[in-house]
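# I'll drop the sequence and a predicted model, then ask my questions.
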Amino acid sequence: MVFFLSLALPVESSENDDVLGLIVFKADLHDPRRALASWSEDSASPRNWTGIQCSPQSGTVTQVTLDGLELSGPLGRGLLKLDHLQSLEALGASENRLSGSIPAGVGSLSRLSSLDLSHNSLSGEIPPELGQCQMLVSLDLSYNLLSGEIPSFLESLSRLEVLRLPGNSFSGGVPEWIVRSSRSSTSRRTISG
């Protein structure tokens, strides 16, 4: 006698977490063009969603690009579920208008190497938790409504090569470490602030 055992293997839980995170993020946004219509909670995977790139191996979200989609609203907590996220681009110059503060939990995105939230209406201070993103190579927060002092923890981001902060309402002047980096001929950093 031969027995066959058939198991339905579940979709990788991190892929499910990514779907959930993106749906929660989408729920907070105003999307007049329905640019994110492909983002459906009925999907098992976000692989074919607008603005989403996934790892071919694991299916987890590695890049979110929201340029030119006319989105507005907060940079919601749903993005914090994207444990494998390496790049987030939501340029306001291309018709987006994200608002509110940068979520403090952004530090949990340990694989994040590129963050471009320029030309939006983000306000408040740069959260200290951003200093936990040790893989960060490029950070562009230019032309928002950010305030407070330019945080010193940005200097400790050893991989950071590009830092753009102009067009905000920072107080306290330009930190000395930025002045040193911008004058150094050996620095690999591109800094505008």
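Happy to help now that I have it. Numbers count the residues shown, from 1 in each chain.

# if you count contacts, what does the lengthiest helix in the chain end up packed against?
When the chain is parsed with DSSP state H, its longest helix is helix 13-27. Using 3 or more CB pairs under 8 Å, 6 or more residues apart in numbering; DSSP states H and E as the contact test, the elements touching helix 13-27 are strand 61-65. In short, each C-beta sits where N, CA and C put it, glycine included.

# just the residues contacting the next helix or strand after the strand it packs on, thanks.
Proceeding N to C from strand 61-65, the next assigned helix or strand is strand 72-74, under DSSP states H and E. By CB atoms under 8 Å, 6 or more residues apart in numbering, the surrounding residues in contact with strand 72-74 are 28-30, 96-100.

# can you tell me which of the residues you listed end up in strands?
In strands, defined here by DSSP state E, the members of the contacts of strand 72-74 are 97-100.

# top of those by neighbour count?
Leu98 (23 neighbours; other CB atoms under 10 Å).

# burial count for the closest residue to that residue other than its chain neighbours?
Among residues not flanking Leu98 along the chain, Asn120 sits closest, at 4.2 Å (CB to CB, 6 or more residues apart in numbering). Here the neighbour count serves as a burial measure; for Asn120 (other CB under 10 Å) it reads 25.

# follow-up on the earlier one: let's have the contacts of strand 72-74 in JSON lines, adding distance to Gly59 and pLDDT.
Conversion of those to JSON lines gives the following (distance: CB to CB, whole Å; pLDDT from 0 to 100):
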{"residue": "Asp28", "distance to Gly59": "24", "pLDDT": "94"}
{"residue": "Leu29", "distance to Gly59": "23", "pLDDT": "95"}
{"residue": "His30", "distance to Gly59": "29", "pLDDT": "96"}
{"residue": "Asn96", "distance to Gly59": "26", "pLDDT": "87"}
{"residue": "Arg97", "distance to Gly59": "31", "pLDDT": "92"}
{"residue": "Leu98", "distance to Gly59": "26", "pLDDT": "94"}
{"residue": "Ser99", "distance to Gly59": "31", "pLDDT": "95"}
{"residue": "Gly100", "distance to Gly59": "30", "pLDDT": "95"}
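
# okay, those residues in CSV with distance to Phe153 next?
Converted to CSV, the contacts of strand 72-74 look like this (distance: CB to CB, whole Å):
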residue, distance to Phe153
Asp28, 27
Leu29, 29
His30, 32
Asn96, 27
Arg97, 28
Leu98, 23
Ser99, 24
Gly100, 21
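
# and those, which is closest to Cys133?
Of all those, the one with the least separation from Cys133 (CB to CB) is Leu98, at 18.3 Å.

# next, the buried residues of stretch 133-146.
Of all the residues in stretch 133-146, those buried under the rule 16 or more other CB atoms under 10 Å are 133, 136-144, 146.
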